[in-house]
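Prediction below, plus the sequence it came from.
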Amino acid sequence: MPVYTYRCDSCGVQFEKHQSFHDQPLKTCPECRQKSVRRVITPTKIIFKGSGFYATDHRSPSGSESRDSKPAKNESKATTKTSGTKDE
């Protein structure tokens, strides 16, 4: 059964109600008992799972890596200085 959100125009209370598709919308507020209740349209929740197409619209070649996780080719490597003497 869907959950509908209602708001009272008189007292401003907002509440949810489990109702069938065939039930009539509520008219009376449970708080103030006025007949000024309206159904509120709320956005649906979307949950993305996995590494699907929603991130970049293109699947990465390996299926699990993204292009941003690879190091850049232009990065310079740190160099270490060595002393001119050898230990014998």
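On my side now, so go ahead.

mind checking the SS state of the residue nearest to residue 25 when sequence neighbours are not counted?
Spatially, and ignoring its direct neighbours in sequence, residue 25 is nearest to residue 39 (5.3 Å; C-beta to C-beta, 6 or more residues apart in numbering). Using the backbone N, CA and C atoms, a C-beta is placed for each residue, glycine as well. Look at residue 39: counting by DSSP: H, G, I helix; E, B strand; the rest coil, its state is strand.

Assess the claim that residue 39 and residue 5 are in contact.
Yes - between residue 39 and residue 5 there is a contact at 7.1 Å, judged by C-beta atoms under 8 Å.

and residue 44, helix, strand or coil?
Three-state call for residue 44 (three-state DSSP): coil.

follow-up on the earlier one: so what's the residue count around the residue nearest to residue 25?
A total of 13 residues lie near residue 39 under the criterion other C-beta atoms under 10 Å.

can you check residue 8 too?
For residue 8, the neighbour count with other C-beta under 10 Å is 21.

From residue 18, how far off is it?
Using C-beta to C-beta, to the nearest Å, one gets 18 Å for the distance from residue 8 to residue 18.
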